[in-house]
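Asker: Fold the following and give me the result.
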Amino acid sequence: MYRIVLNETSYYGAGCRSVIADEIRKRGFKKVLLVTDKDLIRFGVAAKIEEVLRGADIPYEIYSQIKANPTIRNVQQGVEAFKASGADCMVALGGGSSIDTAKAVGIIVNNPEFADVRSLEGVADTKHRAVPTFAVPTTAGTAAEVTINYVITDEENRKKMVCVDPNDIPMCAVIDCELMMSMPRGLTAATGMDALTHAIEGYITPGAWTMSDMFELKAIELVAAHLRNAVEDGSDPVARNGMAEAQYIAGMGFSNVGLGIVHSMAHPLGAFYDTPHGVANALLLPYVMEYNAESPSRAKYLDIARAMGVDTAGMSVDESVAAAVGAVRDLSLSIGIPQRLHEIGVREEDIPALAVAAFNDVCTGGNPRPTSVGDIEKLYRTAF
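Answerer: Here you go, the predicted model:
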């Protein structure tokens, strides 16, 4: 049996943020809490959403106390901000950090027994849907606007908590590539590789099926076609829109079938060193692909290589594995992604602890190859 959970409504295309006001009014909501971060306010991106709300005479307040790897404290402050605002819905504007924070806030407001936040880790037994949320991504990578999961950092225990809950999915997703134009080169590269990681892990996980495969293969094609151009020319509307589509449809797949140990290994890096999630995923992806080639999903590497633009005519399965990994590594190198963990500040003495944390991560169960703490430690050392 397979299940798929998606947004009630989604909009795509340059300028489609204008529909937010219509969607809010037709659903009868009266006031918005705009959840975003200080950088998006500083760079004028949040102002584009404020303009839509003001133009429709929709009152709103802003909550922007959000870190790049959002914390328990960020969530709890957001809950208090929502209660104090008198809002009845949220607009979550940003990358995964803002949208994940809004998801946790929305769940806790309507399920106050989870106010400690830590009890949401894993698959929490929430009873009520989250506060209605309109999710508006400004990066092309996390797909947080369409997923049933979110990640919050427990700073005290140096742990990233992966929370999985169909009740958290935003009511409406608005994917407007114009809001992504101001992404700097490095963020474009890292988030784009995050989208590719989602697509590849979602394609080879044991839970994959016909519909998820459809989403993930197309996402890989779109990333291969558009990521380099998006990094080189951030104002290219074709590349930006291509990446916006890629990350969203990758999320439609992986949200419903799971991920693997690229994410398991990336999460502790964020918890230990505050490493940007996209950078961690991008660096680890080729190493884990090589490891996972020794699994029942090995034959799918031919499809991955083809989707990455490789001419696979006449290739054996072994050749396609090398081609798929090589294509991913070449793309990563071409857009400036670091290739070794020591380059991003990982300390070798932390590797045993990182391996334990990664093995215990909720994403480990979705890996196509059964793994162990020892195997993960070897992968970290190989990547170091």
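Asker: Let me know the pLDDT of residue 1.
Answerer: We have a pLDDT of 89 for residue 1.
Asker: Quickly note the distance from it to residue 207.
Answerer: 11 Å (C-beta to C-beta, to the nearest Å). The C-beta positions use only the backbone N, C-alpha and C, and glycine is treated the same way.
Asker: residues in contact with residue 270?
Answerer: Applying C-beta atoms under 8 Å, 6 or more residues apart in numbering to residue 270 gives the contacts 69, 151, 153, 160, 276, 277, 280.
Asker: in a strand, that's where the fourth one is, yeah?
Answerer: What that stands for is residue 160. Yes: counting by DSSP: H, G, I helix; E, B strand; the rest coil, residue 160 falls inside a strand.
Asker: Setting the sequence-adjacent residues aside, check what's closest to it.
Answerer: residue 267 (3.9 Å; C-beta to C-beta, 6 or more residues apart in numbering).
Asker: right, and the one you found touches residue 359 too?
Answerer: No: here residue 267 does not reach residue 359: they are 11.3 Å apart, not a contact under C-beta atoms under 8 Å.
Asker: Looking only at neighbour counts, state which of these two leads.
Answerer: residue 267 (28 against 19; other C-beta atoms under 10 Å).
Asker: so what's that one scoring on pLDDT?
Answerer: Taking residue 267 on its own, its pLDDT is 95.
Asker: ditto for the one 10 residues further on
Answerer: Residue 277 is assigned a predicted lDDT (pLDDT) of 91.
Asker: Any idea which residue is closest to the centre of this structure?
Answerer: Centroid-nearest residue in the chain: residue 142, 2.1 Å away (criterion: C-alpha atoms, centre = their mean).
Asker: contacting residues around the residue lying closest to that one once chain neighbours are set aside?
Answerer: Spatial nearest neighbour of residue 142, excluding adjacent residues (C-beta to C-beta, 6+ apart): residue 96 at 3.3 Å. Contacts here follow C-beta under 8 Å, 6+ apart; on that basis residue 96 touches 139, 141, 142, 144, 150, 151, 277.
Asker: ok, 7 Å please
Answerer: 142, 144, 277 (C-beta atoms under 7 Å, 6 or more residues apart in numbering).
Asker: Could you do residue 130 as well?
Answerer: Taking C-beta under 7 Å, 6+ apart, one finds 103, 106, 107, 110, 167, 168 in contact with residue 130.
Asker: How about residue 227?
Answerer: By C-beta under 7 Å, 6+ apart, the residues touching residue 227 are 192, 243, 331, 335.
Asker: just checking, which of these belong to helices?
Answerer: 192, 243, 331 (DSSP state H).
Asker: Now pLDDT too, for these, in CSV please.
Answerer: Shown next, in CSV, are those (pLDDT from 0 to 100):
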residue, pLDDT
192, 97
243, 97
331, 97
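Asker: Reformat those residues as TSV; add distance to residue 91.
Answerer: TSV is the format used below for the ones in helices among the contacts of residue 227 (distance: C-beta to C-beta, whole Å):
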residue	distance to residue 91
192	24
243	22
331	33
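Asker: Just the closest of those to residue 176, please.
Answerer: Proximity of the ones in helices among the contacts of residue 227 to residue 176 (C-beta to C-beta) peaks at residue 243, which lies at 12.7 Å.
Asker: Now do the contacts for the closest one.
Answerer: Residue 243 sits next to 140, 192, 226, 227, 230 when contact means C-beta under 7 Å, 6+ apart.
Asker: Confirm that the fourth one sits in a strand.
Answerer: I take that to be residue 227. No: read with three-state DSSP, residue 227 is helix and lies in no strand.
Asker: number of nearby residues for the residue nearest to residue 207 when sequence neighbours are not counted?
Answerer: Take residue 207 and drop its neighbours on the chain: the residue closest to it by C-beta to C-beta, 6+ apart is residue 257, 4.0 Å away. Neighbourhood size, residue 257 [other C-beta under 10 Å]: 23.
Asker: returning to that earlier point: could you identify which of the contacts of residue 243 has the most neighbours?
Answerer: residue 140 (33 neighbours).
Asker: wait, doesn't that residue sit right on residue 194?
Answerer: No: in this structure, residue 140 is not within contact of residue 194 by C-beta atoms under 7 Å, at 8.7 Å.
Asker: got a list of what the residue nearest to residue 160 touches?
Answerer: Each residue near residue 267 by C-beta under 7 Å, 6+ apart is listed here: 151, 160, 162, 361.
Asker: Equivalent analysis for residue 308, please.
Answerer: Here residue 308 is in contact with 220, 224, 324, 327, 328 (C-beta under 7 Å, 6+ apart).
Asker: picking that back up, for the residue nearest to the centre of the chain, which three-state class applies?
Answerer: Classified using three-state DSSP, residue 142 is coil.
Asker: which residues sit against stretch 363-380?
Answerer: With C-beta under 7 Å, 6+ apart, stretch 363-380 has contacts from 162, 204-207, 258-261, 263-265, 287-288, 291-292, 294-297, 341, 351-352, 354-356, 358-359.
Asker: Recalculate using a threshold of 8 Å.
Answerer: Under C-beta under 8 Å, 6+ apart, the answer for stretch 363-380 is 162, 201, 204-207, 257-261, 263-265, 267, 284, 287-288, 291-292, 294-297, 341, 346, 351-352, 354-356, 358-359.
Asker: What subset of the residues you listed is buried?
Answerer: 162, 201, 204-205, 257-261, 263-265, 267, 284, 287-288, 291-292, 295, 297, 341, 346, 351, 354-355, 358-359 (16 or more other C-beta atoms under 10 Å).
Asker: From these, which land in helices?
Answerer: 201, 204, 257, 261, 263-265, 267, 284, 287-288, 291-292, 351, 354-355, 358-359.
Asker: Which residue of the protein lies farthest from its centroid?
Answerer: Outermost residue of the chain (C-alpha atoms, centre = their mean): residue 314, 35.1 Å.
Asker: for it, phi and psi?
Answerer: Torsion angles at residue 314 (phi, psi; degrees, to the nearest 10) stand at phi 80, psi 0.
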